[in-house]
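> Sequence and predicted structure, then a few things I'm wondering about:
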Amino acid sequence: MEPNEVVGYVNLASGYLALNRPDDAKKAIEQARERKLDAEELHWTIYQLAFLKSDAAEMERQVAWAAGKPGDEDLLLSFQSGTEAYYGRLVKARDFSRRAVDSAVRNGSKETAALWQVNAALREAEFGNTAAAKQGVGAALALAPGRDVKLFAALALARIGENTSAKAIVEELEKNYPSDTMLKVYWLPTIKAAMELNANNSTQAVMFLEAAAPYELGIPPQLLLGTMYPVYIRGQAQLLAHNGAAATTEFQKYLDHRGVALNFPLGALAHLGLARAYAMQGDTAKARAAYQDFLTLWKDADPDIPIFKQAKAEYARLQ
């Protein structure tokens, strides 16, 4: 097997996914398999395609394939945690995240384990579980306080209103990584914008996010740990500014770029953002439809998730 050949098929399939062309991605994967090519990256891409096609059996097969394989097992378990969270099954998501962390630790990969831990913490933050988010951030930083772990820790802290702690990490990252382009133009503006939301300063939040605009529809190196995050935060800023039309534009990007958003839970929450944006514009019919889309995605969701309870209450008031 030529390693470059299989990587070529993987890149082709991933590119098709990002362009919302899942059928072409499937063909690229099938071609690789016909040529008896195999690589771990191929299995990751098969999982992502299966998610977009709502093929739960194939996702399970890929998680099973990874069992006992160092470096693959923890990644696929974390992928599955994202999928469970996407559908609001937070108890299951936590279990898969815990298993991903344990697998990475067993493999001697504390930095990766900490990434899965902080990914789970960020999810808790977006779902409204402040205490769980804070606890998860602490656990991740204690495990391995690397650059990526710190940036997601800062984002999670910003999303639960812990601006002082988030600001301290941001300043440390700016000092230690002054020439890190992705940090400067994508992640730090997003974290700073999230902090401005806590201060009810939507204008400044949107201004910070201008730096990320040229890159936000691409896939950041930290795959599945924050795809399209600037878009989501900008949408929240427009809601805060009571600019429903602008908020609609942002949240719609998630629906239009599912192959980039993949199973990151913000893709599901974008439906709720759209519902709120339409309601703000007085378009009850579209708001009701968007709420229904979200509640359908979360039909099996754990009932005690704060953002889920808020969504159901808002939808009830529309009736």
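Ah, there it is.

> Please tell me the pLDDT value assigned to residue 40.
Predicted confidence (pLDDT) at residue 40: the value is 82.

> if I pick the nearest residue to it once chain neighbours are set aside, what's in contact with it?
With sequence-adjacent residues excluded and distances taken as CB to CB, 6 or more residues apart in numbering, residue 40 is closest to residue 72, at 5.1 Å. Heads up, the C-betas are built off the backbone N, CA and C, glycines and all. Residue 72 sits next to 40, 43, 65-66 when contact means CB atoms under 8 Å, 6 or more residues apart in numbering.

> how is this protein carved up into domains?
Following automatic domain parsing, one finds the domains of the chain at 1-66, 67-318.

> What helices and strands are in contact with the host helix or strand of residue 44?
Secondary structure assigned from DSSP states H and E places residue 44 in helix 40-52. Contacts defined by 3 or more CB pairs under 8 Å, 6 or more residues apart in numbering; DSSP states H and E place helix 40-52 against helix 3-18, helix 22-34, helix 56-66, helix 73-86.

> Could you rerun that using 6 Å?
helix 3-18, helix 22-34, helix 56-66 (3 or more CB pairs under 6 Å, 6 or more residues apart in numbering; DSSP states H and E).

> possible to save these as CSV with distance to residue 302, mean neighbour count and mean pLDDT?
Rendered in CSV, the data for those read as follows (distance: least, CB to CB, whole Å; neighbours: other CB atoms under 10 Å; pLDDT from 0 to 100):
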stretch, distance to residue 302, mean neighbour count, mean pLDDT
helix 3-18, 29, 17, 80
helix 22-34, 29, 16, 87
helix 56-66, 18, 16, 95
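
> Out of those, flag the one nearest residue 145.
Shortest separation from residue 145 across these is recorded for helix 56-66, at 26.8 Å, computed as CB to CB.

> what does the closest one rub up against?
Contact partners of helix 56-66, identified using CB atoms under 6 Å, 6 or more residues apart in numbering, comprise 43, 46-47, 50, 72-73, 76, 80.

> ok now it, how far from the chain's centre?
Relative to its parent chain, helix 56-66 has a centroid offset of 20 Å by CA atoms, centre = their mean, to the nearest Å.

> Let me know the angle separating that helix from helix 73-86.
Using axes from the mean of the first three to the mean of the last three CA atoms, to 10 degrees, the direction of helix 56-66 lies 160 degrees away from that of helix 73-86.

> Pull helix 56-66 out as CSV, backbone CA atoms only.
As requested, C-alpha coordinates have been extracted for helix 56-66 and formatted as CSV (Å, rounded to 0.1, in the frame of the first residue of the first chain):
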residue,chain,number,x,y,z
ALA,A,56,-25.8,4.9,13.3
ALA,A,57,-24.8,1.3,12.5
GLU,A,58,-21.7,2.5,10.5
MET,A,59,-20.7,4.9,13.2
GLU,A,60,-20.9,2.0,15.7
ARG,A,61,-18.8,-0.2,13.3
GLN,A,62,-16.0,2.4,13.2
VAL,A,63,-16.0,2.8,17.0
ALA,A,64,-15.8,-1.0,17.3
TRP,A,65,-12.9,-1.1,14.7
ALA,A,66,-10.9,1.4,16.8
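
> Distance of the residue nearest to residue 40 relative to residue 278?
Between residue 72 and residue 278 the computed distance is 41 Å (CB to CB, to the nearest Å).

> Please apply the same query to residue 159.
Relative to residue 278, residue 159 is positioned 23 Å away (CB to CB).

> Flag the shaky bits of the stretch 101-250 of the chain, pLDDT-wise.
The stretch 101-250 of the chain contains residues with pLDDT under 70 at 219-226.

> hey, C-alpha coordinates of the helix holding residue 44 in PDB?
Below are the C-alpha coordinates for helix 40-52, written out as PDB (Å, rounded to 0.1, in the frame of the first residue of the first chain):
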ATOM      1  CA  GLU A  40      -6.700   5.200  10.300                       C
ATOM      2  CA  GLU A  41      -7.700   8.500   8.600                       C
ATOM      3  CA  LEU A  42      -9.900   6.600   6.300                       C
ATOM      4  CA  HIS A  43     -11.900   5.200   9.200                       C
ATOM      5  CA  TRP A  44     -12.200   8.700  10.700                       C
ATOM      6  CA  THR A  45     -13.700  10.000   7.400                       C
ATOM      7  CA  ILE A  46     -16.000   7.000   7.100                       C
ATOM      8  CA  TYR A  47     -17.300   7.900  10.600                       C
ATOM      9  CA  GLN A  48     -17.900  11.500   9.600                       C
ATOM     10  CA  LEU A  49     -19.700  10.500   6.400                       C
ATOM     11  CA  ALA A  50     -21.900   8.100   8.400                       C
ATOM     12  CA  PHE A  51     -22.800  10.900  10.800                       C
ATOM     13  CA  LEU A  52     -23.900  13.100   7.900                       C
END
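
> which residues touch it?
Helix 40-52 has contacts (CB under 6 Å, 6+ apart) with 10, 13-14, 17, 22, 25, 29, 32, 58-59, 62, 65, 72, 79, 83, 262-263.

> so how far is it from its chain's centroid?
Between the centre of helix 40-52 and the centre of its chain there are 16 Å (CA atoms, centre = their mean).

> No further queries at this time; thank you.
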